[in-house]
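>>> kindly return the folded structure for what I paste below:
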Amino acid sequence: MLFTPTPVVAIIDDEPSILRSLSRLLTIHQYKTEVFSSGEAFLERTKASDVACIVLDIQLGGMSGIELRRRLSAKGSTVPIIFITALDSATVRKEAIEVGCAAFLPKPVSGRELVDAIKRATHA
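The predicted structure is shown next:
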C-alpha cells in the first residue's frame with residue numbers, strides 16, 4: 001500500500017479567530033494545517049516544500065498578502081495561493097489575479113467555497 005502524506009495547508013491571517021476557525025474547518029476535511037499571524041512568520045518557516053496550498057489574507061499587519069506572494073514568486077515558489085479578504089474591491093481583485101492566485105474569496109469565507117478552492121488548487 002502506498003503512503004500518501006496529508007496535504008499541509010498554510011493559513012496566514014492576522015486575526016487569531018480566523019486562524020482558529022479555518023484551521024478547524026480544514027482539519028475536519030482531512031488537511032493538516034499550519035497557522036501564521038504574518039507573512040514574515042511564514043517566511044521564517046524552514047520547510048516550504050511540503051506546503052500544498054496557502055490560504056492568505058491580503059490585509060496583514062506587516063507585509064501584505066500581495067507582497068508575500070511577490071516574494072514567494074521571486075524565490076521560484078509555485079505553491080497555489082488562495083487569497084481571502086475583507087477588502088473586496090475591483091482594484092484589489094485585479095492585483096491579486098495579476099500576482100497569481102488559485103482563488104479570491106471575500107470574507108466572511110464560505111467553508112464549502114474554501115474547501116472546494118483548495119481541492120482545485122491541489123488537484124485533490
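>>> for this protein, which strand is longest?
Identified as the longest strand of the chain according to DSSP state E is strand 51-57.
>>> quick one: list the elements packing against whichever helix or strand comes after that one.
Next along the chain after strand 51-57, taking DSSP states H and E as the criterion, comes helix 65-74. Contact here means 3 or more CB pairs under 8 Å, 6 or more residues apart in numbering; DSSP states H and E; on that basis helix 65-74 packs against helix 39-43, strand 51-57, strand 81-85, helix 90-99. Every residue, glycine included, has its C-beta placed from N, CA and C.
>>> what's the average pLDDT for helix 65-74?
Helix 65-74 carries an average pLDDT of 95.
>>> how about stretch 94-102?
The average pLDDT within stretch 94-102 is 95.
>>> then stretch 105-123?
96.
>>> list the buried residues of it.
For stretch 105-123, burial by neighbour count (16 or more other CB atoms under 10 Å) applies to L105, P106, K107, V109, L114, V115, A117, I118, A121.
>>> for stretch 32-42, same thing?
For stretch 32-42, the neighbour count (16+ other CB under 10 Å) marks T33, E34, V35, F36, S37, S38, G39, F42 as buried.
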